[in-house]
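Novice: Just to be clear, the model below is a prediction. Sequence and coordinates:
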Amino acid sequence: MLSLSRTAFLEGVDQRRFCRAQRAPAAKGKAGVVRCVAAGERKTRNAEILIEKSADMVDPKSAVSGGVKDVYGEDRATEEHHITPWSLSVASGYSLLRDPHHNKGLAFTEKERDAHYLRGLLPPTCLSQELQVKKLMHNLRQYQVPLQRYMALMDLQESNERLFYKLLIDNVEELLPVVYTPTVGEACQKYGSIFRRPQGLYISLKEKGKILEVMKNWPEKAIQVIVVTDGERILGLGDLGSQGMGIPVGKLSLYTALGGLRPSACLPVTIDVGTNNEKLLKDEFYIGLRQKRASGQEYAELMEEFMRAVKQNYGEKVLIQFEDFANHNAFSLLEKYSKTHLVFNDDIQGTASVVLAGVVAALKVVGGKLTDHTFLFLGAGEAGTGIAELIALEMSKQTSTPIAECRKRIWLVDSKGLIVKARFETLQHFKKPWAHEREFVRDISEAVKVIKPTVLIGSSGVGRTFTKEVVETMASFNEKPIILALSNPTSQSECTAEEAYTWTKGRAIFASGSPFNPVEYEGKSFTPGQANNAYIFPGFGLGLIMSGAIRVHDDMLLAASEALASQVTQENFEKGSIYPPFKNIRKISAQIAADVAAKAYELGLASHLPRPQNLVKYAESCMYSPIYRQYR
């Protein structure tokens with residue numbers, strides 16, 4: 001077993017010479033997987049020096065479909081890393097099988113088993129990665145309860161990282177509802193009971209004053225994206241406190257599987273300031289602080305320290321994605337830190353971008369421009385107002401009309417009723433731009449009759465609010481009513497796909513936030529689209545990172561929407577979907593990344609220079625590949 005001696009450190013032995021000297025025995029099977037990195041390196045290089053570099057190991061498939069174009073392709077998303085100097089580590093034998101980053105299970109070859117002391121630690125059979133995937137899918141399909149599948153996948157992620165992502169990439173349409181909505185919602189509700197090992201960084205009020213020190217405990221140093229939540233508004237399930245960790249973990253799994261970010265570059269974070277959920281506070285298995293949720297100055301100071309520590313520890317270009325913060329914090333955090341950090345709120349901006357893409361695609365069926373349509377929202381929180389603002393921005397861009405005029409085509413209903421001028425003084429600041437001159441009505445049913453929208457969008461978090469009366473009214477004055485029931489999970493959806501198609505006699509253009517099965521109506525099959533943020537944020541994040549963007553601009557969100565809408569084909573429309581199938585998500589993400597990066601360069605916000613000539617090919621080359629590496 002190799003080790004770097006104290007003498008080597010003290011005498012300042014040239015590290016490259018040291019690594020070369022120690023490489024020979026490794027090739028003869030005398031050592032395990034060796035990592036060696038030189039001090040001061042700024043260019044990214046693969047640290048696993050025992051990976052074969054010969055041409056015969058290169059998979060012909062490109063990384064965009066889960067293959068590998070070149071063995072270092074996964075590390076090209078950024079060209080700068082913070083390298084710990086004089087670092088040497090060795091994995092072999094039993095410890096190698098317990099290392100999820102390098103473990104291959106039964107896929108270790110006979111040669112590798114000899115070289116890395118694995119004889120006897122594995123059954124004699126050698127399996128290909130493809131056969132491992134087939135076996136695991138067979139096993140997962142035996143589970144009747146979705147949460148069991150979720151737990152099995154989390155166990156796999158913690159034992160064999162590459163196999164987990166290969167499984168997810170190859171079966172994305174089947175497994176997306178397991179690692180993401182709706183199953184992740186149930187996982188968060190029961191997180192205390194199913195918690196086995198930490199998958200992210202927990203920062204609570206106990207760490208106040210020492211967050212930077214705590215952040216250094218995370219083993220990976222070259223972080224590119226952080227997904228952070230405070231657990232106050234998890235999906236449509238409310239305050240789940242520290243158990244909201246399932247959301248950042250799930251989102252970052254998709255960043256890798258769908259957008260190609262390296263797993264080691266992703267950091268899930270939960271900010272624990274307590275919870276107002278009495279049931280959790282009384283639950284003996286709850287894993288968070290047992291106190292009422294902190295707010296005001298105490299909350300603001302903790303978030304300020306966290307944001308400062310992120311930039312200090314990981315640099316200016318780390319992407320911080322806010323997830324599932326309550327309205328009163330989500331808007332203020334985004335407004336405050338968008339000026340100083342690379343920040344993105346998925347609930348406000350990601351949802352807006354994916355919904356705008358669906359609307360733009362739907363207009364290819366319905367006809368007309370955005371400004372020809374009238375929009376009515378049920379829900380005026382961060383999702384509803386975020387979508388409305390981005391639609392207004394796109395209208396303004398297309399017609400060169402002031403955005404204030406474009407907003408007048410968009411109406412919002414909150415828990416008290418239609419937002420109108422008469423309510424202006426009592427409205428929260430983010431609702432005020434949507435207060436127009438109109439008589440006040442108290443519910444969505446009356447609002448539909450008064451406004452006569454062509455597009456009805458639900459982001460209320462309250463299930464079954466698009467009643468039969470509401471949907472039939474929409475169908476009475478629209479040949480093809482556009483109905484988007486976006487609330488998650490499925491139980492909170494404003495209406496089901498079957499209800500939308502049945503009540504409109506098959507004329508609705510429908511999409512939802514959580515997945516619905518295909519619907520048969522009068523001999524025709526409809527495959528409802530899913531307005532899933534997973535279409536946008538993985539590619540959006542990749543575009544920011546590969547361009548070295550330092551800030552997020554609204555034009556980047558519009559670029560992402562337009563890129564996604566352009567991927568919808570006539571075949572998709574004929575099946576009733578205004579979104580492309582998820583089986584093509586890596587190609588879609590590459591196109592979104594390229595368009596977002598192009599906008600970053602155009603706006604002067606990109607720092608990775610010179611600009612690559614072909615941004616789509618560059619995005620594909622940056623994508624992480626889950627194909628096993630071969631060890632000498």
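Specialist: Everything's here; your move. Residues are numbered from 1 along each chain as shown.
Novice: When you work out contacts or count neighbours from here on, use the C-alpha atoms and nothing else.
Specialist: Fine.
Novice: can you tell me the helix or strand for the most centrally placed residue in the chain?
Specialist: The residue lying closest to the centre of the chain (Cα atoms, centre = their mean) is residue 251, at 3.6 Å. Secondary structure from DSSP states H and E places residue 251 in helix 246-259.
Novice: pretty sure residue 453 contacts residue 375?
Specialist: Yes: under the criterion of Cα atoms under 8 Å, residue 453 is in contact with residue 375, at a separation of 5.4 Å.
Novice: contacting residues for the nearest residue to residue 513 once chain neighbours are set aside?
Specialist: With sequence-adjacent residues excluded and distances taken as Cα to Cα, 6 or more residues apart in numbering, residue 513 is closest to residue 486, at 4.0 Å. Contact analysis of residue 486 by Cα atoms under 8 Å, 6 or more residues apart in numbering lists 457, 458, 459, 493, 494, 511, 512, 513, 514, 531.
Novice: Show me the shaky parts of the stretch 351-500 of the chain.
Specialist: Within the stretch 351-500 of the chain, not a single segment meets pLDDT under 70.
Novice: follow-up on the earlier one: among the contacts of residue 486, who's most crowded?
Specialist: Within the contacts of residue 486, most neighbours by other Cα atoms under 10 Å means residue 511, with 30 neighbours.
Novice: is that residue in a bridge, and if so with what?
Specialist: Assessed by DSSP bridges, residue 511 has beta-bridge partners residue 484, residue 529.
Novice: Can you check the pLDDT for it?
Specialist: Confidence at residue 511, expressed as pLDDT, is 96.
Novice: What separation do you get for it and residue 484?
Specialist: 5 Å (Cα to Cα, to the nearest Å).
Novice: Can you tell me what sits against stretch 312-321?
Specialist: 212, 215-216, 221-228, 310-311, 341-346, 541, 544-545, 548-550.
Novice: Can you select the buried ones from those residues in ChimeraX?
Specialist: Listed next is the ChimeraX selection for buried residues among those, using 16 or more other Cα atoms under 10 Å:
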select :212,215,221,222,223,224,225,226,227,228,310,311,341,342,343,344,345,346,541,544,545,548,549,550
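Novice: Among the contacts of stretch 312-321, which lie within helices?
Specialist: 212, 215, 310, 311, 541, 544, 545 (DSSP state H).
Novice: any weak-confidence spans in this structure?
Specialist: 1-90.
Novice: Could you chop it up by domain?
Specialist: Annotated domains of the chain cover 1-90, 97-176, 179-341, 349-532, 537-572+581-620 [automatic domain parsing].
Novice: Pipe those into CSV and attach distance to residue 629 per row.
Specialist: CSV is the format used below for the domains of the chain (distance: least, Cα to Cα, whole Å):
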stretch, distance to residue 629
domain 1-90, 6
domain 97-176, 8
domain 179-341, 15
domain 349-532, 32
domain 537-572+581-620, 19
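Novice: circling back: could I get the contacts of residue 486 as JSON lines with secondary structure and distance to residue 115?
Specialist: Below are those laid out as JSON lines (DSSP: H, G, I helix; E, B strand; the rest coil; distance: Cα to Cα, whole Å):
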{"residue": "457", "secondary structure": "strand", "distance to residue 115": "59"}
{"residue": "458", "secondary structure": "strand", "distance to residue 115": "58"}
{"residue": "459", "secondary structure": "coil", "distance to residue 115": "56"}
{"residue": "493", "secondary structure": "coil", "distance to residue 115": "54"}
{"residue": "494", "secondary structure": "coil", "distance to residue 115": "58"}
{"residue": "511", "secondary structure": "strand", "distance to residue 115": "53"}
{"residue": "512", "secondary structure": "strand", "distance to residue 115": "52"}
{"residue": "513", "secondary structure": "coil", "distance to residue 115": "49"}
{"residue": "514", "secondary structure": "coil", "distance to residue 115": "47"}
{"residue": "531", "secondary structure": "coil", "distance to residue 115": "49"}
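Novice: how about those residues in JSON lines, adding distance to residue 398?
Specialist: Formatted as JSON lines, those follow (distance: Cα to Cα, whole Å):
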{"residue": "457", "distance to residue 398": "21"}
{"residue": "458", "distance to residue 398": "25"}
{"residue": "459", "distance to residue 398": "25"}
{"residue": "493", "distance to residue 398": "31"}
{"residue": "494", "distance to residue 398": "30"}
{"residue": "511", "distance to residue 398": "24"}
{"residue": "512", "distance to residue 398": "26"}
{"residue": "513", "distance to residue 398": "27"}
{"residue": "514", "distance to residue 398": "30"}
{"residue": "531", "distance to residue 398": "23"}
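Novice: Can you list the neighbours in contact with stretch 227-242?
Specialist: 185, 188-189, 202, 243-245, 247-248, 251-252, 266-277, 280, 287-289, 320-326, 461-462, 487-489, 492.
Novice: please redo it, this time with the cut-off set to 7 Å
Specialist: 185, 189, 243-244, 248, 267-272, 274-277, 287-288, 320-326, 461, 487-489, 492 (Cα atoms under 7 Å, 6 or more residues apart in numbering).
Novice: isn't residue 129 right up against residue 106?
Specialist: No: using Cα atoms under 7 Å, residue 129 makes no contact with residue 106, being 8.7 Å away.
Novice: ok, those two, which is more surrounded?
Specialist: Between residue 129 and residue 106, counted using other Cα under 10 Å, residue 129 has the larger neighbour count: 21 against 17.
Novice: Just the terminal-to-terminal distance for stretch 91-108.
Specialist: End-to-end distance (Cα to Cα), stretch 91-108: 14 Å.
Novice: what about residue 328, which helix or strand?
Specialist: helix 327-337.
Novice: cool, and residue 597?
Specialist: If you go by DSSP H and E, residue 597 is part of helix 585-603.
Novice: Using PDB, write out the CA atom coordinates for that helix.
Specialist: Only the C-alpha atoms of helix 585-603 are listed here, as PDB (Å, rounded to 0.1, in the frame of the first residue of the first chain):
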ATOM      1  CA  ILE A 585     -33.400  14.900 -22.300                       C
ATOM      2  CA  ARG A 586     -29.600  14.900 -22.600                       C
ATOM      3  CA  LYS A 587     -29.800  16.200 -26.200                       C
ATOM      4  CA  ILE A 588     -32.400  18.800 -25.100                       C
ATOM      5  CA  SER A 589     -30.200  19.900 -22.200                       C
ATOM      6  CA  ALA A 590     -27.200  20.300 -24.500                       C
ATOM      7  CA  GLN A 591     -29.300  22.600 -26.800                       C
ATOM      8  CA  ILE A 592     -30.600  24.600 -23.800                       C
ATOM      9  CA  ALA A 593     -27.000  24.800 -22.400                       C
ATOM     10  CA  ALA A 594     -25.700  26.000 -25.700                       C
ATOM     11  CA  ASP A 595     -28.400  28.700 -26.100                       C
ATOM     12  CA  VAL A 596     -28.000  29.900 -22.400                       C
ATOM     13  CA  ALA A 597     -24.200  30.000 -22.900                       C
ATOM     14  CA  ALA A 598     -24.600  32.000 -26.100                       C
ATOM     15  CA  LYS A 599     -26.700  34.500 -24.300                       C
ATOM     16  CA  ALA A 600     -24.100  34.800 -21.500                       C
ATOM     17  CA  TYR A 601     -21.400  35.500 -24.100                       C
ATOM     18  CA  GLU A 602     -23.700  38.000 -25.900                       C
ATOM     19  CA  LEU A 603     -24.400  39.900 -22.600                       C
END
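Novice: What helices and strands are in contact with it?
Specialist: On a contact count with 3 or more Cα pairs under 7 Å, 6 or more residues apart in numbering; DSSP states H and E, helix 585-603 meets helix 246-259, helix 537-547, helix 554-565, helix 615-622.
Novice: all helices of the stretch 101-250 of the chain, in order?
Specialist: Under the criterion DSSP state H, counting those that start in this stretch, the stretch 101-250 of the chain contains helices at 110-115, 129-140, 146-159, 161-170, 172-179, 183-189, 191-194, 211-215, 246-259.
Novice: most neighbours per residue, which of the ones you listed?
Specialist: Mean neighbour counts were compared across these using mean count of other Cα atoms under 10 Å; the top stretch is helix 246-259, at a mean of 26.
Novice: Can you tell me what sits against that one?
Specialist: Applying Cα under 7 Å, 6+ apart, the external contacts of helix 246-259 come out as 165, 168-169, 179-180, 184, 187-188, 199, 227-229, 261-263, 266, 268-269, 538-539, 542, 585-586, 589, 623-624.
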